[in-house]
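*Asks:* Prediction below, plus the sequence it came from.
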2 protein chains.
Amino acid sequence: MEEFKLFDAEYKFMDIIWELEPINSTELTKVCLKKLGWKKSTTYTMIRKLAGRGILKNENATVVALVKREEVQKHDSEVLLKRTFNNSLPIFLATFLQDKKLSKQEAEEIKKMIEEATK
Amino acid sequence: MEEFKLFDAEYKFMDIIWELEPINSTELTKVCLKKLGWKKSTTYTMIRKLAGRGILKNENATVVALVKREEVQKHDSEVLLKRTFNNSLPIFLATFLQDKKLSKQEAEEIKKMIEEATK
DNA sequence: AGAAAAGGTTTATCACGATAAACCTGACTT
DNA sequence: AAGTCAGGTTTATCGTGATAAACCTTTTCT
């Protein structure tokens, strides 16, 4: 459960991996240098730390994610709702939708999902 | 915009203030000692930092919040949706609702809110 | 063979959020 | 007047996430 928590730098890094995986580690150091301004050793430090937590693996110089982007997103959402909205989706929506307008299409999509999630 | 970002300790602290405001500062140090285990100086440090950012004010030994809990909640929600879900509420919900069930009542409340937010 | 590049690890440094010790002033109390 | 307590500020310490310098081994290229 706790393993999905990513810090800011880790999240930016994983964003690159999710986009490009599987990716060669040397290639990854170049992308990180370009996109994040990181030195080679910084990238390898990140690889090692995240590998140790089971977030990704690095085998034969090939880096792949072990957790899906959606799992992390879901975890982050649950943390926010628990911490901030007492785990209530209606309270979250009431706050989030203040002064906001939805398009007709968005509204339809959402209502459909709500239907499907209702027992 | 950026001023609403609260770090973990700050958030816990503001939670107490939102609950008890207006509150005398000495009283507040006692509550923080009890609920958070903070020494007096820690509480005053927090007060000063948050006052400097316009989150609260301390006048005549009385502390009151200058931003409402809901403003911060809304800000946090928007940050999550932007950072994680490309600012799309449907994508957020699709992820969040995976494997979850809603009660009939929750579903009704949500649909009503969606209606109201649709132009 | 010798140089260069790939593919790393070890060990630090740095920034900053979290927490607090020590100190100060003024009002009230005995 | 001496002590106590309210109401703070100044200045540190500490933990840890973010970043990297220095070093090492193995493979590849000339």
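*Replies:* Here it is on my side, so go on. Note that the structure is a prediction, hence the values are computed from the model and not measured.
*Asks:* Would you enumerate the residues in contact with residue A:28?
*Replies:* A:16, A:17, A:20, A:43, A:47, A:63 (C-beta atoms under 8 Å, 6 or more residues apart in numbering or on different chains). All C-beta spots, glycine's among them, are computed from the backbone N, C-alpha and C.
*Asks:* can we see that at 10 Å?
*Replies:* Residues near residue A:28 by C-beta atoms under 10 Å, 6 or more residues apart in numbering or on different chains: A:13, A:16-17, A:20-21, A:38, A:40, A:43-44, A:46-47, A:58, A:61-63.
*Asks:* what does chain A have sitting close to DNA strand D?
*Replies:* Contact residues (C-beta under 7 Å from any atom of the strand) of chain A with DNA strand D: A:7-10, A:36-42, A:45-46.
*Asks:* ok, so of those, who is nearest residue B:75?
*Replies:* Relative to residue B:75, the closest of the residues of chain A next to DNA strand D is residue A:8; by C-beta to C-beta it sits at 16.5 Å.
*Asks:* which stretches of chain A form helices?
*Replies:* In chain A, the segments counted as helices under DSSP state H are A:8-20, A:25-36, A:40-52, A:69-85, A:89-96, A:104-116.
*Asks:* Dump those to CSV, plus mean pLDDT and distance to residue B:87.
*Replies:* Putting the helices of chain A into CSV (pLDDT from 0 to 100; distance: least, C-beta to C-beta, whole Å) gives the following:
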stretch, mean pLDDT, distance to residue B:87
helix A:8-20, 95, 15
helix A:25-36, 96, 21
helix A:40-52, 96, 26
helix A:69-85, 90, 13
helix A:89-96, 94, 11
helix A:104-116, 93, 11
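*Asks:* Deepest in the core, which of the ones you listed is it.
*Replies:* helix A:89-96 (a mean of 19; mean count of other C-beta atoms under 10 Å in any protein chain shown).
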